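K.L.:
Okay, predicted coordinates and the sequence, questions at the end:
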Amino acid sequence: MSDNVEEVPAEEVEAVEEEEVQMSVLDALKEVLKKALIHDGLKKGLHECAKALDRRSARLCCLAKDCENDEYKKLIRALCAEGEVPIIMVDAGKDLGAMCGLAKLDDDGSIKKAVRTSCAVITEFGEESRALAVLKDYLENQEEE
């Protein structure tokens with residue numbers, strides 16, 4: 001067996017990396033929530049989120065659109081407005097719960113049972129990543145509109 005290794009110029013490698021598929025905001029949010037959970041910077045549920053927002057330690061808030069309690073949504077939105085914390089709306093509470101690690105997984109890694117949560121707050125992002133950059137760009141564009 002001969003080793004036929006062909007060297008690729010650095011310009012071509014950089015071009016391939018730039019052509020990566022754009023990460024969606026939902027995928028970026030999943031990755032950022034996972035990193036925050038690892039770095040112990042994720043608060044889930046009304047009580048923990050309200051405490052973090054009241055202390056002004058929150059940096060990002062996720063709120064489920066399908067939350068049925070209007071007072072719950074008003075409280076979270078008011079605390080976010082007071083502390084100038086950006087809010088990202090997630091379609092379903094079960095999806096938000098699964099993103100926050102509140103789910104049981106099958107052997108193949110698919111979600112078997114997810115606990116619903118209507119609110120999650122990130123207090124510590126963890127390390128900088130491409131997903132965090134995508135999320136910050138999205139939030140800046142939302143503020144401009």
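P.N.:
Received, thanks.
K.L.:
Can you give me the buried ones in stretch 62-73?
P.N.:
62, 63, 64, 67, 72, 73 (16 or more other CB atoms under 10 Å). All C-beta atoms are positioned from the backbone trio N, CA, C, and that covers glycine.
K.L.:
name the element the fourth one belongs to?
P.N.:
Counting by DSSP states H and E, no helix or strand carries residue 67.
K.L.:
where in this structure is pLDDT low?
P.N.:
Along the chain, the model assigns pLDDT under 70 to residues 1-21, 109, 145.
K.L.:
which stretches of it form strands?
P.N.:
42-44, 60-64, 87-90, 103-105, 111-114, 119-122 (DSSP state E).
K.L.:
so which of those strands comes closest to residue 25?
P.N.:
Nearest to residue 25, of all those, is strand 87-90, at 7.8 Å by CB to CB.
K.L.:
Residue 25: what's it in contact with?
P.N.:
88, 134, 135, 138 (CB atoms under 8 Å, 6 or more residues apart in numbering).
K.L.:
repeat for residue 89
P.N.:
62, 63, 64, 65.
K.L.:
coming back round to it: can I get the contacts of residue 25 in a markdown table including distance to residue 96 and neighbour count?
P.N.:
A markdown table is the format used below for the contacts of residue 25 (distance: CB to CB, whole Å; neighbours: other CB atoms under 10 Å):
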| residue | distance to residue 96 | neighbour count |
| --- | --- | --- |
| 88 | 10 | 20 |
| 134 | 18 | 19 |
| 135 | 15 | 24 |
| 138 | 17 | 16 |
